[in-house]
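**Student:** Take a look and give me a structure for this.
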Amino acid sequence: MSTRADVAKLAGVSESTVSYVLSGKRPISEATKKRVLAAIDQAGYKSNYAAAALAGGAPRMVTMMISNLFTTPSSRINGALVDGIVDGVRESGFHSVIWPVSNDDDADVDLLIRSNFSGGVILMNVKENDQRVHLLNREKVPFVVLGRTEVGFKYNYVDRDFQSVDKIALTKLKDLGHIRIGVLMSGTSIPTHLRQEASELKLQLQPLDVPNTVEGGAELASTFKKSFSAITGMISLLDAATIGFVNASKEAGISIPKDLSIIGVNMLESQAISTKPAITTVAYDAYEMAKSCGKIMVNTIEAGKSSKMKKISELWIGDFMDRDSTAKVSKGSRL
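**Tutor:** Numbers count the residues shown, from 1 in each chain. The predicted structure is shown next:
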């Protein structure tokens with residue numbers, strides 16, 4: 001597989017000159033540009049920004065790299081995120097495409113970079129120390145991350161302010177008298193920011209590990225009274241499982257909110273009002289958040305040739321929506 005060093009050797013120029021031809025960051029003479037482009041063809045080297053350089057300007061295309069787009073229980077949220085991005089970039093005259101990926105590793109990003117791709121990338125489902133992020137940064141591809149994995153994330157991103165969201169939800173449960181709180185989640189490692197907020201509020205957290213499916217939530221409801229009778233409040237990080245739990249609660253002998261108060265922090269409003277009782281939430285406007293991400297992506301692409309481009313970051317919180325799934329703890333609320 002050819003490299004920029006191979007191209008530079010064939011063209012008789014430095015690697016930095018090859019980079020400048022591909023990125024357009026500095027003016028290069030037409031003669032030198034022709035030699036570099038000819039060497040690129042000869043070496044079979046492909047870069048995502050080659051097409052942009054040839055076009056003489058920033059390409060007006062945004063690629064969304066998303067894993068398990070419509071195969072996960074949270075596909076309604078993913079769908080809202082995609083719609084928001086599409087509308088956000090369209091308003092600036094840009095187009096968008098979806099690049100589905102099966103795994104969240106750097107193989108797909110590497111393939112994208114070596115294809116005829118040009119423009120910017122929006123990454124979703126990022127992991128801690130995600131190699132895709134490092135690869136895009138190294139190749140100087142404009143990108144924005146929708147959702148981060150660490151507080152000190154140093155690249156462009158749009159995310160929910162989960163620390164503030166969790167604080168709102170936990171404070172509400174405490175104000176209602178709930179001390180033992182179940183965390184509906186996939187896995188048993190409660191997020192650090194959630195544990196910190198609970199510790200400050202002197203609340204006891206218990207992970208409730210279920211797959212994020214309606215069936216998973218329903219199955220938990222069927223065993224909840226027996227296994228988690230001390231829990232009187234629940235904060236849910238899942239959407240589909242919450243719907244399944246609430247819908248199955250009556251048959252399982254759980255009265256919501258008399259026996260158990262529930263607050264969802266990762267649900268669309270349309271999902272929250274689809275159950276009986278309707279679920280109290282910290283509102284999640286996935287569409288508007290993603291639309292803003294699309295606009296930031298456009299700004300990042302258009303500023304790509306400027307070394308003065310500053311990092312752009314946005315944190316979204318949302319309003320507390322008090323519905324029918326929360327109430328003050330009562331003496332008879334132990335299941």
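**Student:** CA atoms for contacts and neighbours, from now on please.
**Tutor:** OK.
**Student:** mind pulling up the phi and psi values for W316?
**Tutor:** Dihedral pair for W316: phi -110, psi 140, per degrees, to the nearest 10.
**Student:** measure it to A107 for me?
**Tutor:** According to Cα to Cα, to the nearest Å, W316 and A107 sit 31 Å apart.
**Student:** Same drill for those two, tell me which one is more crowded.
**Tutor:** Neighbours of W316 and A107, each counted by other Cα atoms under 10 Å, are more numerous for W316; the result is 17 against 14.
**Student:** Surely the more buried one touches D161?
**Tutor:** Yes: judged on Cα atoms under 8 Å, W316 makes contact with D161 at a distance of 5.4 Å.
**Student:** the helices in the stretch 1-150 of the chain, which residues?
**Tutor:** For the stretch 1-150 of the chain, the helices defined by DSSP state H, counting those that start in this stretch occupy 4-11, 15-23, 30-43, 50-55, 75-90, 107-113, 131-138.
**Student:** next one: the stretch 201-335 of the chain
**Tutor:** 214-227, 240-249, 269-272, 286-302.
**Student:** which regions of the stretch 201-335 of the chain lie under the pLDDT threshold?
**Tutor:** Residues of the stretch 201-335 of the chain meeting the criterion pLDDT under 70: 304-309, 331-335.
**Student:** how does it look with 80?
**Tutor:** Residues of the stretch 201-335 of the chain that meet the criterion pLDDT under 80 lie in 304-311, 330-335.
**Student:** Same check on the stretch 51-200 of the chain?
**Tutor:** For the stretch 51-200 of the chain (pLDDT under 80), the answer is 51-60, 67-78, 100-108, 110-118, 125, 127-129, 148-153.
**Student:** thought G93 was touching R60?
**Tutor:** Yes: at 7.4 Å, G93 and R60 qualify as touching, with contact defined as Cα under 8 Å.
**Student:** Those two: which has the busier surroundings?
**Tutor:** For G93 versus R60, neighbours defined as other Cα under 10 Å are more numerous around R60 (19 against 11).
**Student:** show me what contacts the more buried one?
**Tutor:** Listed by Cα atoms under 8 Å, 6 or more residues apart in numbering, the contact set of R60 reads G93, F94, H95, G119.
**Student:** excluding its backbone neighbours, what's nearest the third one?
**Tutor:** Setting aside the residues directly before and after it, H95 is nearest to M61 in space (Cα to Cα, 6 or more residues apart in numbering), at 4.9 Å.
**Student:** Outline the domain layout of the chain.
**Tutor:** As assigned by automatic domain parsing, the chain contains the domains 4-45, 61-155+286-316, 162-283.
**Student:** looking only at pLDDT, what's the mean for the first one?
**Tutor:** Throughout domain 4-45, pLDDT has a mean value of 80.
**Student:** Centre of the chain to it, how far?
**Tutor:** Domain 4-45 sits 36 Å away from the centroid of its parent chain (Cα atoms, centre = their mean, to the nearest Å).
**Student:** do the same with stretch 82-94
**Tutor:** Put simply, stretch 82-94 sits 17 Å off its chain's centre (Cα atoms, centre = their mean).
**Student:** cool, and stretch 188-201?
**Tutor:** Distance, centroid of stretch 188-201 to centroid of chain: 20 Å (Cα atoms, centre = their mean).
**Student:** just checking, L238 touches N266?
**Tutor:** Yes: between L238 and N266 there is a contact under Cα under 8 Å: 5.9 Å.
**Student:** Quick one: closest of the helices of the stretch 1-150 of the chain to K276.
**Tutor:** Among the helices of the stretch 1-150 of the chain, helix 75-90 comes nearest to K276, with 19.4 Å by Cα to Cα.
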